[in-house]
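Peer 1: What shape does this take:
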Amino acid sequence: MKFDFDTSRKSHAQGDVYLIPIVAIPAEALAQPVEAEAGKLIVTHSETGHHHIVMERPDVKMFRGMDMFRDFLLIENNPATLEHLRDHHTHAPQEIQPGAYLIQRQRQPSPEGWQRASD
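Peer 2: A predicted model of the protein is given here:
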């Protein structure tokens, strides 16, 4: 999948996820929407349950990317909030401006190859 970075907007880092502004969601990804879970788009799953999420709205969409480390987020009208679902030692919520974003997840090596970073 090809995409161009948008350097006019701010990137956002929260824990093991990094949102990088891009010009547009690749056409191949638009055909692979991610469904919300209980009203939440889970930007990064956590094996201990403290996911990084954006609340589901008609103007906020998530799409599958090219591998387990990268997906895409589209915020169309109003800013959305990236939240960390944890009661203690949490990351502060971040306001994400409208636009397209590459979701880049942290990874770590394992004997089997690269895997998502664990808590």
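Peer 1: Count the residues that sit near the closest residue in space to Gly15 that isn't next to it in sequence.
Peer 2: Distances taken as Cβ to Cβ, 6 or more residues apart in numbering place His91 nearest to Gly15, at 5.2 Å, with adjacent residues excluded. Every C-beta, even on glycine, is put in place using the N, C-alpha and C of the backbone. Neighbour count of His91, defined by other Cβ atoms under 10 Å: 16.
Peer 1: And for Phe5?
Peer 2: 12.
Peer 1: list the contacts for the residue nearest to Gly15?
Peer 2: His91 sits next to 14-15, 52, 84 when contact means Cβ atoms under 8 Å, 6 or more residues apart in numbering.
Peer 1: need those residues in TSV with pLDDT, can you?
Peer 2: Formatted as TSV, the contacts of His91 follow (pLDDT from 0 to 100):
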residue	pLDDT
Gln14	87
Gly15	80
His52	83
His84	88
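Peer 1: What about those, which one has the most neighbours?
Peer 2: His52 (25 neighbours).
Peer 1: show me the contacts for it.
Peer 2: 14-17, 42-44, 46, 82-85, 91.
Peer 1: distance of it from Ser46?
Peer 2: 8 Å (Cβ to Cβ, to the nearest Å).
Peer 1: Kindly report the same for Arg64.
Peer 2: Distance from Arg64 to Ser46, by Cβ to Cβ: 19 Å.
Peer 1: quick one: which helix or strand includes His50?
Peer 2: Counting by DSSP states H and E, no helix or strand carries His50.
Peer 1: and it, how many neighbours?
Peer 2: His50: 19 neighbours (other Cβ under 10 Å).
Peer 1: Touching, it and Ile42? I think so.
Peer 2: No - counting by Cβ atoms under 8 Å, His50 stays clear of Ile42, with 11.0 Å between them.
Peer 1: pLDDT at the closest residue to Glu76 other than its chain neighbours, what is it?
Peer 2: Closest residue in space to Glu76, ignoring its immediate chain neighbours: Asp59 at 3.9 Å, by Cβ to Cβ, 6+ apart. Predicted confidence (pLDDT) for Asp59: 96.
Peer 1: could you measure Met38 against Glu28, distance?
Peer 2: Wrong residue type there; residue 38 is Ala, not Met. 28 Å.
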